[in-house]
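>>> Have a look at this prediction, sequence included:
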Amino acid sequence: MATPFLCNQVAERWQHSFSRLNRDKEGISGLLEFSQAWLMAKDWLRPRGKSELAQKAAFETRYAPP
């Protein structure tokens, strides 16, 4: 079994990592913003065939801010 010192150290590191990912925001709002940004970037950067190049304009308008 792990010692109490090791358990505390692991808990602190998890909390620090979560805080960095969440950008010190309340709740999980930072994680949600990061997830949305990641999905947009992933959709934009995925490999496409030549036939899909015409769909680029549709992508740009779909994610454009209102």
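Arrived safely, thanks for sending.
>>> any idea how far the closest residue in space to residue 29 that isn't next to it in sequence lies from residue 42?
Nearest non-adjacent residue to residue 29, counting by C-beta to C-beta, 6 or more residues apart in numbering: residue 22, 7.5 Å away. From N, CA and C alone the C-beta is placed, and that goes for glycine too. Residue 22 sits 20 Å away from residue 42, going by C-beta to C-beta, to the nearest Å.
>>> For these two, indicate the residue with more neighbours.
The residue with more neighbours, out of residue 22 and residue 42, is residue 22; 17 against 9, by other C-beta atoms under 10 Å.
>>> Surely that one is in contact with residue 30?
Yes. Assessed by C-beta atoms under 8 Å, residue 22 is found in contact with residue 30 at 3.7 Å.
>>> where's residue 11, which helix or strand?
Assigned by DSSP states H and E, residue 11 belongs to helix 4-22.
>>> Show the low-confidence segments of this structure, by residue range.
Residue ranges of the chain with pLDDT under 70: 1, 50, 52-66.
>>> Residue 31 - how many residues pack around it?
A count of nearby residues for residue 31, using other C-beta under 10 Å, gives 14.
>>> make that residue 40, sorry
Other residues lying near residue 40 total 13 when counted by other C-beta under 10 Å.
>>> just wondering, since we're on it, how far is it from residue 26?
To residue 26, residue 40 is 23 Å away according to C-beta to C-beta.
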